[in-house]
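# Okay, structure incoming, though there's no sequence with it:
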């Protein structure tokens with residue numbers, strides 16, 4: 001008789017994913033999605049003497065990055081980790097990714113050690129988009145271990161209701177000396193802050209030590225009506241076209257995000273701002289849309305502050 005399919009562990013659909021950080025296995029929130037976290041090994045090939053076949057030996061282990069999508073449902077330790085990443089502090093964390101079923105029962109674990117954040121990607125902000133936003137965070141571990149779930153309940157809140165607190169339309173964009181011009185910024189393109197993980201192999205150790213390199217801050221692009229862009233256009237002509245560079249030509253700015261009730265969620269501050277391109281929208285006599293101007297700026301540094309913790 002064929003084996004009874006009901007005698008083995010029941011299959012499940014992973015519906016909830018939680019993050020645990022540090023040795024206390026304290027859950028710090030739920031993810032929207034997760035990928036990666038697997039591992040593989042290099043294969044070393046060699047041929048011996050007159051033998052035609054190729055022989056294989058085990059090489060070093062390689063662990064995949066863990067990529068997660070998160071909204072505003074994480075707790076303070078996670079956002080502090082993100083904040084330290086922005087400043088170039090390679091804060092190491094030990095923890096686990098927990099997969100749970102529809103009833104929040106733990107079914108599987110991916111435990112990681114000596115992990116650091118190597119990339120944070122922010123979505124496009126658009127005044128006409130009322131959908132929820134999620135940032136993508138890449139976590140680079142040195143080791144990953146798979147374990148079976150304990151079957152216990154994981155943290156159920158705050159869950160996806162809190163994830164959706166961050167909407168793409170709830171933001172403002174500011175640059176000092178351009179406060180009036182920035183009042184009607186309509187859109188900010190997606191951008192990514194990242195650092196490369198350098199690999200360092202020691203002796204006979206099979207696991208690769210990973211070290212963070214320099215943090216790379218992106219250029220930012222934002223859009224505003226042409227009627228409000230004259231100050232940016234004049235500045236661009238003065239300091240770029242005519243080359244009248246002065247010590248005070250660099251600026252500071254920030255992006256603030258809000259929930260639907262107007263409460264601040266987080267702020268991204270940037271310094272060393274310089275405008276390097278101003279592009280006008282295509283002109284079309286049949287278009288009824290408000291003509292926009294795209295402004296591109298470079299930045300020298302950034303910082304991230306999750307405001308609900310600052311207000312406590």
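On my side now, so go ahead. Because the structure is predicted, anything quoted here is derived from the model rather than measured.
# Can you list the strands that the helix or strand harbouring residue 61 pairs with?
In this assignment (DSSP states H and E), residue 61 forms part of strand 55-63. Paired strands of strand 55-63, with direction, are strand 39-46 (antiparallel) (DSSP bridges).
# Quick one: list the elements packing against whichever helix or strand comes after the strand holding residue 61.
For strand 55-63, the following helix or strand on the C-terminal side (DSSP H and E) is strand 66-70. Under the contact criterion of 3 or more C-beta pairs under 8 Å, 6 or more residues apart in numbering; DSSP states H and E, strand 66-70 touches strand 26-31, strand 33-36, strand 106-122, strand 135-140. Every C-beta, even on glycine, is put in place using the N, C-alpha and C of the backbone.
# Could I get those strands in CSV, plus columns for distance to residue 212?
Converted to CSV, the helices and strands packed on strand 66-70 look like this (distance: least, C-beta to C-beta, whole Å):
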stretch, distance to residue 212
strand 26-31, 21
strand 33-36, 18
strand 106-122, 6
strand 135-140, 8
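# Which of those strands sits closest to residue 201?
Among the helices and strands packed on strand 66-70, strand 106-122 comes nearest to residue 201, with 14.8 Å by C-beta to C-beta.
# returning to that earlier point: rebuild the helices and strands packed on strand 66-70 as JSON lines, extending it with mean neighbour count.
Converted to JSON lines, these look like this (neighbours: other C-beta atoms under 10 Å):
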{"stretch": "strand 26-31", "mean neighbour count": "20"}
{"stretch": "strand 33-36", "mean neighbour count": "14"}
{"stretch": "strand 106-122", "mean neighbour count": "19"}
{"stretch": "strand 135-140", "mean neighbour count": "20"}
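# right, and these - which one's nearest residue 61?
Evaluated with C-beta to C-beta, the helices and strands packed on strand 66-70 place strand 106-122 nearest to residue 61, the distance being 12.8 Å.
# partner strands of the closest one, parallel or antiparallel?
strand 93-100 (antiparallel), strand 135-140 (antiparallel), strand 143-148 (antiparallel), strand 191-200 (antiparallel).
# between those, which one is nearest to residue 209?
Judging those by C-beta to C-beta, what sits closest to residue 209 is strand 191-200, at 4.4 Å.
# buried set for the closest one?
191, 193, 194, 195, 197 (16 or more other C-beta atoms under 10 Å).
# need the residues you listed in TSV with pLDDT and distance to residue 79, can you?
Converted to TSV, the buried residues of strand 191-200 look like this (pLDDT from 0 to 100; distance: C-beta to C-beta, whole Å):
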residue	pLDDT	distance to residue 79
191	97	18
193	96	14
194	93	18
195	93	18
197	86	21
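# Please consider this matter closed, and thank you.
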